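[1] Sequence and predicted structure are below.
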Amino acid sequence: MSSATWRNFFSYNKYAQITARAVRQSLKESERVQAEKRGLTALRYQKWENGVGGAQVYLNPAEDKAPGKPPV
């Protein structure tokens, strides 16, 4: 039996997401809050025309989430 049985159920990215969430939740409160802030990402794009960048559009705007609540 392989030690990587998680590969039968989900991708490496999903595995990394699950393990990172478990590690963050196991930390003390102050370290956990700092780790959660590092885990937030902002995805945005900008259309360029004739060498000039247009307005930046956020694809996942920041949400106010209560600390300690796992993402849905």
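    Received, thanks.
[2] Scan this structure for its longest helix.
    helix 12-26 (DSSP state H).
[3] So which bits of it are buried?
    residue 24 (16 or more other CB atoms under 10 Å). Heads up, the C-betas are built off the backbone N, CA and C, glycines and all.
[4] Show me what it packs onto, helices and strands only.
    For helix 12-26, the packing partners by 3 or more CB pairs under 8 Å, 6 or more residues apart in numbering; DSSP states H and E come out as helix 29-39.
[5] which helices and strands sit right next to the helix it packs on?
    helix 12-26.
[6] what angle separates the helix it packs on from helix 29-39?
    150 degrees (axes from the mean of the first three to the mean of the last three CA atoms, to 10 degrees).
[7] So what's the gap between helix 12-26 and the chain middle?
    10 Å (CA atoms, centre = their mean, to the nearest Å).
[8] got it, and stretch 24-32?
    On CA atoms, centre = their mean, the centre of stretch 24-32 falls 16 Å from the chain's centre.
[9] Ends of it, what's the gap?
    Start and end residues of stretch 24-32 are separated by 6 Å (CA to CA, to the nearest Å).
[10] average model confidence for that stretch?
    Across stretch 24-32, the average pLDDT comes to 85.
[11] swap in stretch 8-21?
    For stretch 8-21, the per-residue pLDDT averages 86.
[12] Over to stretch 43-61?
    83.
[13] Now do the longest helix of the chain: everything it contacts.
    With contact meaning CB atoms under 8 Å, 6 or more residues apart in numbering, helix 12-26 is reached by 6, 7, 10, 32, 35, 36, 39, 70.
[14] Got a ChimeraX select line for the buried ones in those residues?
    Remark: buried members of those, expressed as a ChimeraX selection using 16+ other CB under 10 Å:
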select :32,36
